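Visitor: need coordinates for the following:
(one chain, ligands or ions: 1)
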Amino acid sequence: MLHTVELKSSHKKTVFSCEEPSLENYLKKQAGQDIKRKVAACFVLEGENEIIKGYYTLSSDNIDRTIIPVELQKKMPYKTLPVTLLGRLARDVNYKGQGLGELLLADALKRAYAATVTIGACAVVTDPLSEHARKFYGGFGFISLESGRMFVPMQTIEASL
Ligand SMILES: CC(C)(COP(=O)(O)OP(=O)(O)OC[C@H]1O[C@@H](n2cnc3c(N)ncnc32)[C@H](O)[C@@H]1OP(=O)(O)O)[C@@H](O)C(=O)NCCC(=O)NCCS
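Guide: Residues are numbered from 1 along each chain as shown. Take a look at the predicted model:
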């Protein structure tokens, strides 16, 4: 079973490498600040000697009810809906082809769902950076919205746990 932990300063961020330079740079240069300022929570899958095999971030966000599919809008009584943003997710290139992306995503969704006991969020949203990423998220029940964002209702996550 996958065990992710909070990113800490001793993790070897500088050697992390993936296909999306922005996700590499974020971990190296920005994640620590975002954690300190409570802008994002960052979880990593550790390898030996505190190397990072993969990571993801979660933050609070909100979306306008009108952007979600009509059948779901009917069930939501508020104009603005609280959601959890899966801001970033990547695995190191040295670990590609091992299904780590799937494991990281499942862990992120589980964490997002568990947090709803404390802070409400009716869905997880993400902004895929590439067609590759869009296909990846689509394979796990994320729906594409017109804005380009992708969205999975918390009830769908609950049913998959
Ligand atoms: C998206 C991701 C998490 C999926 O993980 P996964 O299902 O375990 O996929 P794998 O690690 O087996 O990679 C699958 C293949 O896609 C390729 N690939 C991964 N990210 C890619 C990208 N952004 N653009 C093009 N190809 C990419 C890999 O090189 C690999 O190629 P191969 O089949 O020739 O070996 C993972 O590919 C990743 O971390 N990619 C880089 C960061 C990223 O794009 N994150 C999405 C955030 S929007």
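
Visitor: and whichever residue of the chain sits closest to the ligand, helix, strand or coil?
Guide: Per Cβ to the nearest ligand atom, the residue of the chain with the smallest distance to the ligand is Gly101, at 1.9 Å. Backbone N, C-alpha and C define where each C-beta goes, glycine included. Here Gly101 is recorded as helix under DSSP: H, G, I helix; E, B strand; the rest coil.

Visitor: relative to Ala90, how far out is Pro21?
Guide: 11 Å (Cβ to Cβ, to the nearest Å).

Visitor: my read is Glu24 is in a helix, agree?
Guide: Yes. Counting by three-state DSSP, Glu24 falls inside a helix.

Visitor: my read: it touches Cys18, true?
Guide: Yes. Between Glu24 and Cys18 there is a contact at 5.5 Å, judged by Cβ atoms under 8 Å.

Visitor: now for the closest residue to Gly148 other than its chain neighbours, how many residues are close by?
Guide: Nearest non-adjacent residue to Gly148, counting by Cβ to Cβ, 6 or more residues apart in numbering: Asp127, 7.0 Å away. Asp127 has 13 neighbouring residues, counting by other Cβ atoms under 10 Å.

Visitor: quick check: Asp127 vs Ser147, distance?
Guide: In terms of Cβ to Cβ, Asp127 sits 9 Å off from Ser147.

Visitor: contacting residues around Phe151?
Guide: Contacts for Phe151 (Cβ atoms under 8 Å, 6 or more residues apart in numbering) come out as Ile63, Ile68, Val83, Ala123, Val124, Val125, Phe142, Ile143, Leu145.

Visitor: quick check: phi and psi on Tyr56?
Guide: phi -150, psi 160 (degrees, to the nearest 10).

Visitor: that one touches Phe43, doesn't it?
Guide: Yes. Counting by Cβ under 8 Å, Tyr56 does reach Phe43; the two are 5.9 Å apart.

Visitor: residues that sit against both of the two, list them.
Guide: Thr4, Asp107, Ala108.

Visitor: so what's the last one closest to, chain neighbours aside?
Guide: It refers to Ala108. Tyr56 is the one closest to Ala108 (Cβ to Cβ, 6+ apart), at 4.6 Å.

Visitor: where does the chain dip in pLDDT?
Guide: When residues are selected by pLDDT under 70, those of the chain lie in 1.

Visitor: how close does the residue lying farthest from the centre of it sit to Cys18?
Guide: Largest separation from the mean C-alpha position in the chain: Lys74, at 26.0 Å (Cα atoms, centre = their mean). Distance check for Lys74 against Cys18: by Cβ to Cβ, it reads 39 Å.
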